[in-house]
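Chemist: give me a 3D structure for the following:
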Amino acid sequence: MKVLIVFLCAILSLTTVNATLDLREYNEWNVLELVAPVIPENPVIICGGIHRGEHVAQMYNRWPKGQLYVFEPNPDVLKAFTPLLGWFPKLKIFPYALSSVSGTFPFYLNSKKDNPFAGSLLKPLQDWLWYYGDTIHWVQTKNLGQWAEENQIHAIDFLWLDIGGSELEVLRSSESFIFSTTAIFLETHMSVFREGTGLYNEVKQLLEMLGFEEIKHWWIQGFHGRALFIKKGLLS
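Modeler: Residues are numbered from 1 along each chain as shown. Next up is the predicted model:
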């Protein structure tokens, strides 16, 4: 298992990252162990964003009886991940960006490859174009609730969202479907780096209104973080 993940990370490294977020004890495996007690051994998992693929590989191997659906519109990430699909025969990947509406919209990438995994439907602020991207790639988008209804998925056990600031938009646009979810893990944003970014406090307020409680939040002040929310009462 560990060898597989290390090999996967090496293949998916499109560039050398000069700086990484120091999220203290955070790592994907810790997150999955926190989620495991509240979801079944055959969970329905929806993942927005492949990034380098570590979490996808870990979820696939942690729940081999589950259904894992992955959304990834970034063509560079898809190109890097496609040769590895033979290792994950049950994995279902969709080349769409999760959004509030289904359609075709610009997706912002970093053409200089300084941060190739950080694509987003949200346009970077001028001061952050150097990091978040100045290249537009038109992609198809899907509303999560509509997509689930079309595919006869009535509930999610685990939702993973790392979609460049659109997390709040996706949650708000599919509230009734999100209400049927057991656990949600997502990227959080303490500052606005892209137009329309959903901030952490807004996300937390919405999820608490929908019956979730925050289990863990890893973050860097004024920048980004990661947070895990689980339906209230399930861990008590």
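
Chemist: got the contact list for the residue nearest to Trp160 when sequence neighbours are not counted?
Modeler: Nearest non-adjacent residue to Trp160, counting by CB to CB, 6 or more residues apart in numbering: Cys47, 4.4 Å away. Heads up, the C-betas are built off the backbone N, CA and C, glycines and all. For Cys47, the contacting residues are His55, Val56, Met59, Leu68, Tyr69, Val70, Phe71, Leu159, Trp160, by CB atoms under 8 Å, 6 or more residues apart in numbering.

Chemist: secondary structure element for Cys47?
Modeler: strand 44-48 (DSSP states H and E).

Chemist: and for Leu98?
Modeler: strand 96-99.

Chemist: hmm, who's touching that strand?
Modeler: Residues contacting strand 96-99 (CB under 8 Å, 6+ apart): 48, 71, 73, 105, 107, 121, 139-144, 147, 161, 163, 166, 169-170, 173.

Chemist: tell me how far it lies from the chain's centre.
Modeler: Centroid displacement of strand 96-99 relative to its chain, using CA atoms, centre = their mean, to the nearest Å, is 11 Å.

Chemist: for that strand, what does the pLDDT average out to?
Modeler: Taken as a whole, strand 96-99 has an average pLDDT of 95.

Chemist: keeping just the C-alphas, turn that strand into CSV.
Modeler: Output in CSV follows, covering the C-alpha atoms of strand 96-99 (Å, rounded to 0.1, in the frame of the first residue of the first chain):
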residue,chain,number,x,y,z
TYR,A,96,-16.0,18.0,-15.2
ALA,A,97,-15.7,20.8,-12.7
LEU,A,98,-18.3,20.8,-9.9
SER,A,99,-20.2,24.0,-9.8
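
Chemist: continuing past it, what's the next helix or strand?
Modeler: In N-to-C order, the element after strand 96-99 by DSSP H and E is strand 103-109.
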